[in-house]
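S.K.: Model the following, please.
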Amino acid sequence: MSERVVFPFEIGGYFQGHKTLTIRDAPTGRTCEFECWPKPEGSDRQSLPITDGQMGEIDALATRCGVSGWNESYDAPMLDGEQWRLLWHGAEHSGSNAYPQEFDTFVAGIARILGLPEL
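M.R.: Residues are numbered from 1 along each chain as shown. Below is the predicted model:
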């Protein structure tokens, strides 16, 4: 089995910085990589193992938040702001200054499940 990206997520903008979260399946196990820019003093990319239980919690959270029913794109035209993108079970969802219902709940839940700082 070769390495496979299971869940890529990114969010950010010019003024508030940018964060990426990538969950990968690899022969050595499932991992989560988290990185933010600009990098806080003394920090670097975090790579953490993910258990089947954590992945199950993320799946359940996505179901509760209705991620599979989200539109492909959300847009609220304005200068600058925040852009986001994620891929969930083969469907890409993205936005610019606009978000689906339950977006904040989904993002906060992922951070909580994985023990990461706010996304």
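S.K.: wouldn't Phe106 be in contact with Cys65 here?
M.R.: Yes - with contact defined as Cβ atoms under 8 Å, Phe106 reaches Cys65; the gap is 4.2 Å. Backbone N, C-alpha and C define where each C-beta goes, glycine included.
S.K.: By residue count, what's the longest helix in the chain?
M.R.: Ranked by residue count under DSSP state H, the longest helix found in the chain is helix 52-65.
S.K.: Just the buried residues of it, please?
M.R.: For helix 52-65, a neighbour-count test (16 or more other Cβ atoms under 10 Å) marks Gln54, Met55, Glu57, Ile58, Leu61, Ala62, Cys65 as buried.
S.K.: Next: stretch 85-105.
M.R.: Residues Leu86, Trp88, His93, Ser94, Gly95, Ser96, Asn97, Ala98, Tyr99, Pro100, Glu102, Phe103 are the ones in stretch 85-105 that count as buried (16+ other Cβ under 10 Å).
S.K.: Check the gap between the nearest residue to Gly95 once chain neighbours are set aside and Gln83 for me.
M.R.: Among residues not flanking Gly95 along the chain, Tyr74 sits closest, at 3.5 Å (Cβ to Cβ, 6 or more residues apart in numbering). As for Tyr74, its distance to Gln83 is 10 Å (criterion: Cβ to Cβ, to the nearest Å).
S.K.: what is in contact with the two at once?
M.R.: Common neighbours of Tyr74 and Gln83, counting by Cβ atoms under 8 Å, 6 or more residues apart in numbering, are Ser94, Gly95, Ser96.
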